[in-house]
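*Asks:* Got a predicted structure plus its sequence, pasted below:
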Amino acid sequence: YFFDFPHARALTRRPFFSQTGLSLGGIALGSLLARDGFGASAKSTYAAKPLAVRPPPFRARAKSVIYLHMSGAPPSLDLFDYKPRLNELHMQPCPESLIQGQKFAFIKGVPNMLGSPHKFARHGQSGAWFSELIPNMAGVADDLCIVKSMWTDQFNHAPAELFLFTGAPRAGAAAMGSWITYGLGGENQDLPGFVVLLSGGTDPTGGKSTWGSGFLPGVYQGVQCRTSGEPILYASDPPGMSRETRRRSLDALRKLNEAEAKLYGDPETVTRIEQYELAYRMQITVPEVFDISREPQYIRDMYGAKPGEGGFANNCLLARRLVEQGVRFVQLFDWGWDMHGTGKENDLVTGLPKKCNDVDRASAALIQDLKQRGLLEDTLVVWGGEFGRTPMNEARNGSTFLGRDHHPNCFTLWMAGGGIKPGNVHGETDEFGYNIVRDKVSVRDLQATILHLMGIDAHRFSFPFQGLNQRLIGPTEEAKVASALLA
């Protein structure tokens, strides 16, 4: 008696339901994609060529995104949101009306109000306020749209970062870069559509889930690259293997994976094929793109970049090189902005100036460089953190260093290029910088606005998973495009 194991495996409960669900999901997804302008055949455009360029449903204002995330939440009150009244009340007890019924991550009892130890001045035609800590960003004020009325419903770092980038405060959802690459593909088939660059010495608090593909096929997850040493670990051939040998081994592996995919219909098998092929192509393209020594010295000096070293400046220059080569979404994470004031390294007097010195020059240079190359109009740049900081001094365990606790009610970020209105200051907080008094913009609104600028309707753009049409903006209809930010 001959036992047909592959046939039996195909009829077991798990493969049966996964294949059935995939078939029904494929039909539904194909219908949605055809309706929304992504093409009539999900199988041909998403499975066979997952990174193929796909036209957006409506006119896009941007072709690519560079998101500069300051992990740890920079204090807006010491950078962009000038509050003279807060300085007047410096080290006086906080009004009870501000803290009544409120919960904080670390503040206990009645804290003292905390004015900024840094000077502010107006810059640009908009008269936007900038701290003395970020003079280079102040120099490009007329290119920026400063949003002072951001808010979130998360006040711990990991959930807030996950919520910002995946639309859910816990791991498992798809990152913004994954969504955009899934919807639009990549313009350069020899590079990933979604690249991640880290600085600050460690991952963001939200971890690698902040650039994971979640329930989307794995080919859309962010590819973490390094700015020093080998750009992508384990992508190079091992010693003794020639490129011709690698090609023959991949061809053989591809035939096996294609047979597996045809038999069981698992989209992750197709993803595996594409990832192997992309890695093979990247062996040639990545070393060239990541070699910033090819840049003129004056460009490297503009950013403060140094070949062979890691850091935020090198990452910003690489971000420009990547979008110039057709990468769809470049995500920079710079860790170390959690200014609680528990010690010298994270206080407002010593720690904050150091972090600003790390990023100010390169952030402004990125805007200037994109602009002089004609890339800024097609590239959306976002700079900010995951939530705000309190106008009160934290003074955890009696610390004498100055610092601010977590605060979800309001924070500031800026955007530039890619259809954004330049020289614009949007929103306003109260005299203490504690609550928003005008033109609120939620995290959901930000997500919807970014997708809108890329030519995607956030409310109709979804992926079927666990019986729901999953979306970056979540299941409710609260997200709105912040039209006042658009040019």
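*Replies:* Looks like it arrived, so ask away. Residues are numbered from 1 along each chain as shown.

*Asks:* what number of residues lie near the closest residue to Ser293 other than its chain neighbours?
*Replies:* Leaving aside its chain neighbours, Ser293 sits nearest to Pro307 (4.2 Å; criterion: Cβ to Cβ, 6 or more residues apart in numbering). The C-beta positions use only the backbone N, C-alpha and C, and glycine is treated the same way. The number of residues packed near Pro307 is 15, by other Cβ atoms under 10 Å.

*Asks:* gap between Pro307 and Phe333?
*Replies:* Distance, Pro307 to Phe333, by Cβ to Cβ, to the nearest Å: 21 Å.

*Asks:* got it, and Thr152?
*Replies:* The gap separating Thr152 from Phe333 is 17 Å, by Cβ to Cβ.

*Asks:* Look at the two and report which has more neighbours.
*Replies:* Neighbours were tallied for Thr152 and for Phe333 using other Cβ under 10 Å; the higher tally belongs to Phe333 (26 against 23).

*Asks:* Verify the contact between the more buried one and Gly200 for me.
*Replies:* Yes - Phe333 is within contact range of Gly200, at 7.4 Å (criterion: Cβ atoms under 8 Å).

*Asks:* since we're on Gly139, how many residues are nearby?
*Replies:* Neighbours of Gly139 (other Cβ under 10 Å): 17.

*Asks:* Assign the nearest residue to it once chain neighbours are set aside to helix, strand or coil.
*Replies:* The spatial neighbour of Gly139 that comes closest, neighbours along the chain excluded (Cβ to Cβ, 6+ apart), is Ala364 at 5.9 Å. Here Ala364 is recorded as helix under DSSP: H, G, I helix; E, B strand; the rest coil.

*Asks:* For Arg404, which non-adjacent residue is closest in space?
*Replies:* Arg404 sits nearest to Arg389 (Cβ to Cβ, 6+ apart), 3.5 Å away.

*Asks:* which other residues reach the helix or strand harbouring Asn469?
*Replies:* Taking DSSP states H and E as the criterion, Asn469 maps to strand 468-470. Strand 468-470 has contacts (Cβ atoms under 8 Å, 6 or more residues apart in numbering) with Leu32, Ala173, Ala174, Phe215, Ser462, Phe463, Pro464, Pro475.

*Asks:* number of nearby residues for the third one?
*Replies:* It stands for Ala174. Ala174: 28 surrounding residues under other Cβ under 10 Å.

*Asks:* re the thing from before, now for the contacts of strand 468-470, which pair is the farthest apart?
*Replies:* Greatest spacing in those, by Cβ to Cβ: Leu32 and Ala173 (18.6 Å).

*Asks:* Neighbour count for the two, which is higher?
*Replies:* The neighbour comparison of Leu32 against Ala173 (other Cβ under 10 Å) goes to Ala173, with 25 against 17.

*Asks:* Surely that one is within a helix?
*Replies:* No - counting by three-state DSSP, one finds Ala173 to be coil, located in no helix.

*Asks:* ok, it touching Gly167?
*Replies:* Yes - at 5.7 Å, Ala173 and Gly167 qualify as touching, with contact defined as Cβ under 8 Å.

*Asks:* can you give me the helices in the chain?
*Replies:* Ranges of helices in the chain, per DSSP state H, are 5-10, 13-36, 42, 84-88, 96-99, 135-139, 157-166, 176-184, 243-264, 267-289, 297-303, 312-324, 351-372, 443-453.

*Asks:* Output those in JSON lines, with distance to Lys480 and mean pLDDT appended to each entry.
*Replies:* Output for those, formatted as JSON lines (distance: least, Cβ to Cβ, whole Å; pLDDT from 0 to 100):
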{"stretch": "helix 5-10", "distance to Lys480": "46", "mean pLDDT": "50"}
{"stretch": "helix 13-36", "distance to Lys480": "19", "mean pLDDT": "47"}
{"stretch": "helix 42", "distance to Lys480": "28", "mean pLDDT": "43"}
{"stretch": "helix 84-88", "distance to Lys480": "30", "mean pLDDT": "97"}
{"stretch": "helix 96-99", "distance to Lys480": "28", "mean pLDDT": "90"}
{"stretch": "helix 135-139", "distance to Lys480": "28", "mean pLDDT": "98"}
{"stretch": "helix 157-166", "distance to Lys480": "17", "mean pLDDT": "98"}
{"stretch": "helix 176-184", "distance to Lys480": "17", "mean pLDDT": "97"}
{"stretch": "helix 243-264", "distance to Lys480": "40", "mean pLDDT": "78"}
{"stretch": "helix 267-289", "distance to Lys480": "32", "mean pLDDT": "72"}
{"stretch": "helix 297-303", "distance to Lys480": "35", "mean pLDDT": "98"}
{"stretch": "helix 312-324", "distance to Lys480": "27", "mean pLDDT": "97"}
{"stretch": "helix 351-372", "distance to Lys480": "27", "mean pLDDT": "98"}
{"stretch": "helix 443-453", "distance to Lys480": "5", "mean pLDDT": "98"}
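
*Asks:* Of those, flag the one that's most buried.
*Replies:* Counting by mean count of other Cβ atoms under 10 Å, helix 176-184 has the highest mean neighbour count of those, with a mean of 27.

*Asks:* CA-only coordinates of that helix, as PDB, when you get a sec.
*Replies:* Taking Å, rounded to 0.1, in the frame of the first residue of the first chain, the C-alpha atoms of helix 176-184 are listed here in PDB:
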ATOM      1  CA  MET A 176       3.700  51.900   7.600                       C
ATOM      2  CA  GLY A 177       6.600  51.300   5.200                       C
ATOM      3  CA  SER A 178       5.400  47.800   4.600                       C
ATOM      4  CA  TRP A 179       1.900  49.000   3.800                       C
ATOM      5  CA  ILE A 180       3.200  51.600   1.300                       C
ATOM      6  CA  THR A 181       5.600  49.100  -0.300                       C
ATOM      7  CA  TYR A 182       2.700  46.600  -0.500                       C
ATOM      8  CA  GLY A 183       0.500  49.100  -2.200                       C
ATOM      9  CA  LEU A 184       3.000  50.700  -4.600                       C
END
